[in-house]
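Enquirer: I'd like to go over a predicted model; first the sequence, then the structure.
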Amino acid sequence: MKDLFGEAWERLFGPPIAHRGLWSPGGSPENSLGAFQAACAGGYDIELDVQLSADGEAMVFHDATLGRMTGHEGRLADHTAADLRRMRLLGADETIPTLAEALTEVGRRAMVHIEIKIPFGEVGPLERRVHDILIDHSGPTCVIGFNPYSHAWFADHHPKVLRGLDSYSYNGPDARHLSPTVRKQYAALGHVSLARPHFLALGLDMLPSARADALRKTGMPVLAWTVRSREQWDAVKDHCDNLIFEGFTP
């Protein structure tokens, strides 16, 4: 894998990865250029979220709706990139960045983990846009996400893109759109064969995992998310290769 992915593969094992950038209450907001700048200054790698605007641009934003982070009503997907670029992130003099802007800000200073946020069954448009942007970026990157069909799309169309499959216990209300059978399968990492990832990014609620331990022994790295204290990391670090963190300094 090192021969194929070079620096990106090596950086899976360190430094730690700042969840949505190095943000803080009262400081730079999550998924903002300021948060990415702070992560670079601190020597950390970066995780960020992307989804499509109404006119097909990859925007860096976590929620499907705009309210929590901008105070505006409605869904991000219903607005054009130009509309979104005019919206201020709450508590800051910053707007919603595009993925291209975020990668330009970071350059080669950090590896960027790009979480593809798409509804199940809508694979293709966001993946294509992300790949088009990555062609022009020289720094280390990977794509991550929960949708195994998104990973399969990259595996089939652009296999040289480093891919990490996100998973967790699938017990909460945010998993209700999936059938009980699918939730059970995903929680047991039964979708790894479909996704064909190069590494795993697993929620603390499913770590340690015997299945992940077995895959790790075959050479598949495991990252833990989202780690919010040294105590949480100490509890799982023997089963993982790196951490995605927020709210403390690893």
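Expert: Received it, and whenever you're ready, just let me know what you need.
Enquirer: longest strand anywhere in the chain?
Expert: Longest strand in the chain, counting residues (DSSP state E): strand 45-52.
Enquirer: Run me through the strand neighbours of that strand, direction for each.
Expert: Using DSSP bridges, the strands paired with strand 45-52 in its sheet are strand 17-19 (parallel), strand 58-60 (antiparallel), strand 112-116 (parallel).
Enquirer: Give me the mean pLDDT for it.
Expert: The predicted model gives strand 45-52 an average pLDDT of 98.
Enquirer: what sits up against it?
Expert: Contact with strand 45-52 is made by 11, 15-21, 31, 36, 39-40, 58-62, 64, 76-77, 99, 102, 106, 110-118, 125-126, 129-130, 144, 225, 244, as judged by CB atoms under 8 Å, 6 or more residues apart in numbering. Quick note: C-beta positions are derived from backbone N, CA and C, even for glycine.
Enquirer: Throw the strands paired with strand 45-52 into a markdown table and include mean pLDDT, thanks.
Expert: As requested, those are exported to a markdown table (pLDDT from 0 to 100):
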| stretch | mean pLDDT |
| --- | --- |
| strand 17-19 | 98 |
| strand 58-60 | 98 |
| strand 112-116 | 98 |
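Enquirer: Would you check that Pro250 makes contact with Pro16?
Expert: Yes: using CB atoms under 8 Å, Pro250 is in contact with Pro16, at 4.3 Å.
Enquirer: list residues touching both of these two?
Expert: If you check Pro250 and Pro16 against CB under 8 Å, 6+ apart, the residues they both contact are Leu243.
Enquirer: Mind checking which of those two has more residues around it?
Expert: Pro16 (19 against 15; other CB atoms under 10 Å).
Enquirer: Just the local confidence number for that one, please.
Expert: On the pLDDT scale, Pro16 is placed at 98.
Enquirer: Quick check: it vs Asp213, distance?
Expert: To Asp213, Pro16 is 21 Å away according to CB to CB, to the nearest Å.
Enquirer: and what of Leu66?
Expert: From Leu66 to Asp213 the distance is 40 Å (CB to CB).
Enquirer: for Asp205, same thing?
Expert: 16 Å.
Enquirer: now do Arg68
Expert: According to CB to CB, Arg68 and Asp213 sit 36 Å apart.
Enquirer: of those two, who's got more company?
Expert: Set Arg68 next to Asp213 and count neighbours by other CB under 10 Å: Asp213 wins out with 14 against 10.
Enquirer: wait, what's in contact with that one?
Expert: Residues near Asp213 by CB under 8 Å, 6+ apart: His239.
Enquirer: before we move on, which element is it in?
Expert: Here Asp213 sits within helix 210-217, counting by DSSP states H and E.
Enquirer: same thing with Thr181?
Expert: Assigned by DSSP H and E, Thr181 belongs to helix 180-187.
Enquirer: got the angle between that helix and helix 210-217?
Expert: Here helix 180-187 runs at an angle of 40 degrees relative to helix 210-217 (axes from the mean of the first three to the mean of the last three CA atoms, to 10 degrees).
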